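Enquirer: mind looking at a prediction? Sequence and model below.
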Amino acid sequence: MNKRPEILQVSRLFTNVKYKIPIYQRNYAWEEKQIQQLIDDIYTSNGTYFLGNLIVNQKEADVYEVIDGQQRLTTLYLLEKYLKMDVLRGSLYFEAREKSNRTLSIIGTEETNNLLDELQSEELNRGYKIIKGYFQSERLNCTSFIEKLNNVQLIRIQVPQNIDLNHYFEIMNTRGEQLEFHEIAKAKLLSKLSTNEDKKAGSLIWEACSNMGTYIQMNFDLETRDELFSKNWSGLNTEVNDFDKVKEKIIRKNVDNLTNDTKTLFEILKDTKPIKTDNSNIIEENERFESIISFPNFILQVNEAISESDEKESMLDDKNFLKNIEINWRNEETSKAFLYNLLKCRVLFDKYILKREFARDYKETGKWSLQCLESYKDEKRGYLKPKYLGTFGGDDDNKNKQLRTLQSCLRITYTSPKTMHWISLVLKNLMNDENSNILEVLEGYCKDKVNESNYKIARGFDLERIVFTYLDYILYRDGYSYRGKQIILPLKDDWQFQFRSSIEHFYPQHPVDIEPSIKWHSDDLNGFGNLALITVSGNSKFSNLPPEGKVKSYPSIIEQSLKLKIMKEMISINGGVWNKEISDKHKEEMFDILDKELLR
């Protein structure tokens, strides 16, 4: 057997060999974030693009057992099936998983609609629908994508024969990770600073900002917190207005002997440890708060916020990470400014950009949270501790609920970090003036996006997600009545956006047991009045049920969309009927709401 690594063309990956997923491998588990990232990486690549390694154990001449890389491999299979490429039947199969193999053999065909859901793999169907929904919502050209795939490569690596695979897995699971781009960026940035004291201060700022699971204040000890932040910890001390002032607050000259300027950068990075913090509070926060972006993405957001260039479309793309950020720290002065802005933006980010907050006993009960950190005195212990309040007047304040809902609208619409330009827009405004009306700024941003979408002429999957999500935000903000009945109360407390990406046809595309003569015309079927945005799993459950069946069987899915809730009530008010006339009426009313909003 050939044991040398082989370079494979991804577009021909499933044409002449078979890959077996062994029983000890977990089920397919990639979610929207990983699938969309893979699609983005391929679609935005230029020339030859290396996608990574595929570790295999060759069992027969044309059969390979997949040891590492099965999640990516399975996604590529689903992707090529969606693109209707040349895929050998049975070229990917799971050992002893009949439901998964049945699904792989029919996915993307009419047979999927005719086979009972319980006989199919929910995970694989969800992955396929995420791919389909993303191609449709982002209007990706399938022909161009296939051309890109011709230049995408994998390296297939054969493990040695007779290897102990259990030991091999142990090695794989405990090996160290390679240095990441943001770590390289840190080293390059600190190399611009001339003294060891500056380098250490810069490293401490970087490390404090890198812990995105807590509020930045909690990444410093109590003494530093009191020096660096305002009296109630809610913002930076007014005196702390540049890098050198920050350095004065966080460097302990009486503890760290930094008079010897002969240390290398490597030694500075190695010696620098995060400032000792109140560890019990850190642990509690890490279990409670989740940032909507990672630290590398945050660095790119800060970089975009402080950049003067109007050409920002690619500034959040991590493919050009180092190239994008180095423009803002060409020398020592700009490097210090970047580090100060990193800290300042992190304070603003924590205070004004929403997070995901989880109940301690049940991780899945996460809700959107827009809170700021303030201090209070623990009378029993005699020192200051953190408390979390709604950023604008409390969690129940209307402005706080409205801004939290608007930001979550944007978060679930622009799911790829490189498309979250609204975050840098907020940061830029707040850096210039912390009293900026960011609610007005973000509504303006959304209205521009809706206006650019040509929603009046778009149909079906060509309708952009922002049209659905911003409409739901307007309905949440203003409420809605139909024929004198209040269907949606303004600023309803218990409604929040969920991660929705799937366009649902209320009257189904493939209705079962319906006479051909009464099936809807394509223009009516794909009209805005018949559509709503729901989760991928919700779409899978709705399947080809008629509208009344969806309303009766899955009330919780109906609640995902306020537009869909209106459609449900229209059925009830109109005697249990959903037809083309009602759908058209609904479309006109929703377009009227959007039209008025765009003129505000």
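Expert: Great, that's in hand.
Enquirer: for the helix ranked longest in the chain, list every residue counted as buried.
Expert: Longest helix of the chain, by residue count under DSSP state H: helix 332-352. Residues of helix 332-352 classed as buried: 335-352 (neighbour count, 16 or more other Cβ atoms under 10 Å). (C-beta placed from N, C-alpha, C; glycine too.)
Enquirer: past it, which element shows up next along the chain?
Expert: strand 355-359 (DSSP states H and E).
Enquirer: show me the strands in the stretch 351-500 of the chain, by range?
Expert: Assigned by DSSP state E, counting those that start in this stretch, the strands in the stretch 351-500 of the chain fall at 355-359, 362-369, 371-378, 383-390, 480-482, 485-488.
Enquirer: same check on the stretch 201-350 of the chain?
Expert: 289-290.
Enquirer: do the same with the stretch 1-150 of the chain
Expert: Using DSSP E, counting those that start in this stretch, strands in the stretch 1-150 of the chain cover 6-9, 18-21, 49-60, 63-68, 92-94.
Enquirer: out of those, nearest to K447?
Expert: strand 49-60 (36.5 Å; Cβ to Cβ).
Enquirer: contacting residues for the spatially closest residue to D318 that is not a sequence neighbour?
Expert: Using Cβ to Cβ, 6 or more residues apart in numbering and skipping residues adjacent in sequence, the residue nearest D318 is P296, 6.2 Å away. Shown in contact with P296 (Cβ atoms under 8 Å, 6 or more residues apart in numbering): E180, F181, H182, D318, F321.
Enquirer: now for these, which pair is the farthest apart?
Expert: The most widely separated members of those are E180 and D318, with 10.1 Å between them, by Cβ to Cβ.
Enquirer: for these two, indicate the residue with more neighbours.
Expert: D318 (19 against 12; other Cβ atoms under 10 Å).
Enquirer: residue contacts, the more buried one?
Expert: D318 neighbours (Cβ under 8 Å, 6+ apart): F181, P296, N297, L300, P417, K418.
Enquirer: hang on, the first one packs against L322?
Expert: Spelled out, that is F181. Yes: with contact defined as Cβ atoms under 8 Å, F181 reaches L322; the gap is 6.3 Å.
Enquirer: sorry, back to before: need the strands of the stretch 351-500 of the chain in CSV (columns: mean neighbour count, distance to Q217 and mean pLDDT).
Expert: Below are those laid out as CSV (neighbours: other Cβ atoms under 10 Å; distance: least, Cβ to Cβ, whole Å; pLDDT from 0 to 100):
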stretch, mean neighbour count, distance to Q217, mean pLDDT
strand 355-359, 17, 14, 82
strand 362-369, 13, 16, 69
strand 371-378, 16, 6, 89
strand 383-390, 15, 7, 87
strand 480-482, 16, 40, 92
strand 485-488, 15, 38, 92
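Enquirer: dump those to CSV, plus distance to A208.
Expert: Output for the strands of the stretch 351-500 of the chain, formatted as CSV (distance: least, Cβ to Cβ, whole Å):
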stretch, distance to A208
strand 355-359, 17
strand 362-369, 21
strand 371-378, 14
strand 383-390, 15
strand 480-482, 45
strand 485-488, 43
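Enquirer: in helices only, show me the contacts of P296.
Expert: Counting by DSSP H, those place F181, H182, F321 in helices.
Enquirer: among those residues, name the buried ones.
Expert: Buried among the ones in helices among the contacts of P296 by 16+ other Cβ under 10 Å: H182, F321.
Enquirer: spatially central residue for this protein, please.
Expert: Closest residue to the average C-alpha location of the chain: T415 at 4.0 Å, with Cα atoms, centre = their mean.
Enquirer: where does that residue land on pLDDT?
Expert: T415 carries a pLDDT value of 87.
Enquirer: you'd agree it is up against R500?
Expert: No: between T415 and R500 there is no contact under Cβ under 8 Å: 10.1 Å.
Enquirer: gap between the residue nearest to S291 when sequence neighbours are not counted and N451?
Expert: In this structure, S291 finds its nearest non-sequential neighbour in M212, 3.9 Å apart by Cβ to Cβ, 6+ apart. Distance of M212 to N451, computed by Cβ to Cβ, to the nearest Å: 33 Å.
Enquirer: between the two, which is the more surrounded one?
Expert: When M212 and N451 are compared for neighbours, M212 comes out ahead with 21 against 12, by other Cβ under 10 Å.
Enquirer: phi and psi next, for the more buried one.
Expert: Phi and psi for M212, reported as degrees, to the nearest 10, are phi -80, psi -10.
Enquirer: which residues touch it?
Expert: S291, I293, S294, F295, F298.
Enquirer: and those, which is closest to L54?
Expert: S294 (25.6 Å).
Enquirer: so that closest one sits right up against F321, yeah?
Expert: No: when contacts are counted by Cβ under 8 Å, S294 is not listed as touching F321 (11.9 Å).
Enquirer: wait, doesn't R477 sit right on P490?
Expert: Yes: checked against Cβ under 8 Å, the pair R477 and P490 is within contact range at 6.6 Å.
Enquirer: pLDDT at the spatially closest residue to K519 that is not a sequence neighbour, what is it?
Expert: Nearest non-adjacent residue to K519, counting by Cβ to Cβ, 6+ apart: P511, 6.6 Å away. Note on P511: pLDDT of 79.
Enquirer: what strand or helix carries P511?
Expert: Using DSSP H and E, P511 sits within no helix or strand.
Enquirer: can you give me the neighbour number for it?
Expert: Neighbours of P511 (other Cβ under 10 Å): 17.
Enquirer: check contacts around it.
Expert: P511 is in contact with K519, N544, P546, counting by Cβ under 8 Å, 6+ apart.
Enquirer: what about the first one, distance to N544?
Expert: Remark: distance between K519 and N544 (Cβ to Cβ) = 12 Å.
Enquirer: what about Q509, which SS state?
Expert: coil (DSSP: H, G, I helix; E, B strand; the rest coil).
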